[in-house]
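[1] I need the structure of the sequence given here:
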Amino acid sequence: MATDQPSNSKPNIVFILVDNVGWGDFGVYGGQTPTPRIDKLASEGVRFNNYNVEIECTPSRSAIMTGRMPVRSGTSVVTFGVPYGLAPFEYTVAQLLSDAGYATALYGKWHLGDVQGRFPSDKGFDEWWGRPNTWDEAGYTSYPLFKESGMKPPMLMEGKKGQPSTPAMPLDLSVRGIVDEKYLIPKTIDFIQRNAAAKKPFFVYLGYSEVHPPIVPNPNFADKSTQRGGLYSDIIGEMDFRVGQVLDAIEGAGIADNTLVVLSSDNGTSSSIAATPGGSSGPWREISSLRRSKAAVVPLRSYVGRDTCLPEASPMRCWRPRTGYRRSPASPVRRISSPRTARSTASMPQRSFLAKARPADAIRLCCSVTQANCCQSNGRSTR
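    Below you'll find the model as predicted:
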């Protein structure tokens with residue numbers, strides 16, 4: 001369908017961030033579950049085959065929102081039971097686009113702050129509905145000793161810019177399997193349609209709930225994949241269908257030619273965790289239950305051609321993964337965990353380099369291959 005917006009108008013942006021999906025889970029990357037809608041999206045745009053994310057939800061989402069290393073934002077790890085969130089001074093992509101005249105919305109998982117002042121509506125989104133923390137909390141009230149814990153039942157929340165965020169409805173296992181179908185997708189589609197009709201450029205961030213524990217299949221997709229991957233394939237199959245619904249809404253609104261669609265995952269699959277059986281890391285390694293940084297799937301509808309990884313063509317050209325430390329249990333020597341920072345380093349002896357690297361060396365490596373113009377020569381970010 002032809003677009004109702006002039007070709008020189010600001011492009012709409014639909015960012016779909018799925019949860020805990022592995023590099024090899026979608027059909028276009030060799031997955032065993034058919035994903036025709038996602039595969040078609042990939043064939044029409046750009047696939048970033050060496051795009052890296054963090055190993056946990058919060059730091060990946062922080063990097064996406066700010067374009068900065070999460071350690072600089074106070075969001076380098078997932079925390080439980082203590083106040084947390086993006087540092088107040090952070091300037092998010094939602095704030096950037098809002099200042100540029102965009103309508104902005106988030107539906108789904110935020111995981112970057114759960115107190116007033118650090119909700120999505122405080123960080124650039126005109127409206128939001130979803131979970132400020134992890135989907136794990138959907139199972140809390142089913143725990144035998146939950147009442148004795150003294151914790152408050154988890155709630156899905158909502159908010160609008162300039163107003164306090166408030167509880168919308170309880171989050172429990174009865175909602176877990178239908179939250180995408182009944183709430184997140186319809187709200188995303190409604191936002192797209194409203195702003196397309198108003199001819200207003202928009203940015204919508206869909207924090208899709210799967211494949212994050214506790215996994216509860218949607219009744220319409222349960223037990224449909226017994227000959228493939230069972231429960232995990234049921235979830236991936238629904239995910240493909242929901243992505244298709246969003247794409248159909250864009251087409252139906254007549255704005256497909258002026259809308260940028262990005263599909264990514266916040267971190268790799270948890271296939272070695274009993275709570276999430278299934279999933280594929282593709283060619284990347286997975287050690288024990290640790291989700292190593294993997295290349296996330298980012299099919300991108302664009303006009304620069306297929307299977308291209310041009311920094312100047314990427315909206316993430318100045319966004320970079322965190323270079324962090326993890327102390328090995330077997331050795332007191334600190335090691336850098338920043339594998340495969342960019343496509344252009346494919347021919348470099350990365351492992352031997354990183355084994356001997358100093359912090360500044362690793363930062364310089366990231367800078368040199370992903371955003372040299374964003375960093376100073378001393379290896380420190382200009383931001």
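
[2] C-alpha only now, for contacts and for neighbours.
    Will do.

[3] Thought residue 236 was touching residue 278, still the case?
    No. Counting by CA atoms under 8 Å, residue 278 does not reach residue 236; the two are 10.4 Å apart.

[4] quick one: which of the two has more around it?
    Using other CA atoms under 10 Å as the criterion, residue 278 and residue 236 rank with residue 236 on top: 25 against 18.

[5] Name the helix or strand for residue 130, please.
    Counting by DSSP states H and E, the element that carries residue 130 is strand 127-131.

[6] List the contacts of whatever helix or strand comes next after that strand.
    Next helix or strand after strand 127-131 toward the C-terminus (DSSP H and E): helix 146-149. Applying CA atoms under 8 Å, 6 or more residues apart in numbering, the contact partners of helix 146-149 are 140, 141.

[7] Rounded mean pLDDT for helix 146-149, please.
    Predicted confidence along helix 146-149 averages 92 (mean pLDDT).

[8] List the buried residues in it.
    Going by neighbour count (16 or more other CA atoms under 10 Å), nothing in helix 146-149 comes out as buried.

[9] same deal with stretch 134-145?
    134, 135, 137, 138, 139, 140, 141.

[10] re earlier: other SSEs contacting the strand holding residue 130?
    strand 103-109, strand 155-160 (3 or more CA pairs under 8 Å, 6 or more residues apart in numbering; DSSP states H and E).

[11] Would you mind giving those as CSV with mean neighbour count, distance to residue 75 and mean pLDDT added?
    Output for these, formatted as CSV (neighbours: other CA atoms under 10 Å; distance: least, CA to CA, whole Å; pLDDT from 0 to 100):
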stretch, mean neighbour count, distance to residue 75, mean pLDDT
strand 103-109, 26, 15, 98
strand 155-160, 21, 21, 98
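
[12] any idea which of the buried residues of stretch 134-145 is closest to residue 212?
    Proximity of those to residue 212 (CA to CA) peaks at residue 135, which lies at 6.6 Å.

[13] Distance check, that closest one against residue 19.
    To residue 19, residue 135 is 10 Å away according to CA to CA, to the nearest Å.

[14] For those two, list the residues in contact with both.
    By the contact definition CA under 8 Å, 6+ apart, residue 135 and residue 19 are jointly contacted by 209, 212.

[15] And the strands in the chain, which stretches?
    With strands called from DSSP state E, the chain shows them at 12-18, 45-46, 103-109, 127-131, 155-160, 166-170, 202-207, 259-265, 300-301, 324-327, 334-337.

[16] any chance of those strands in CSV, with distance to residue 240 too?
    Formatted as CSV, those follow (distance: least, CA to CA, whole Å):
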stretch, distance to residue 240
strand 12-18, 11
strand 45-46, 17
strand 103-109, 17
strand 127-131, 20
strand 155-160, 24
strand 166-170, 26
strand 202-207, 14
strand 259-265, 11
strand 300-301, 15
strand 324-327, 33
strand 334-337, 31
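
[17] out of these, nearest to residue 53?
    Here strand 259-265 is closest among those (CA to CA), at 8.0 Å.

[18] Strand 12-18 and the closest one, what's the angle between them?
    10 degrees (axes from the mean of the first three to the mean of the last three CA atoms, to 10 degrees).

[19] Averaged pLDDT, strand 259-265. What do you get?
    Strand 259-265 comes out with an average pLDDT of 95.

[20] other SSEs contacting it?
    When contacts are defined as 3+ CA pairs under 8 Å, 6+ apart, strand 259-265 packs onto strand 12-18, strand 300-301.

[21] most packed of those?
    Mean neighbours per residue, mean count of other CA atoms under 10 Å, is largest over the helices and strands packed on strand 259-265 for strand 300-301, with a mean of 24.

[22] State the mean pLDDT of it.
    On average, strand 300-301 scores 38.
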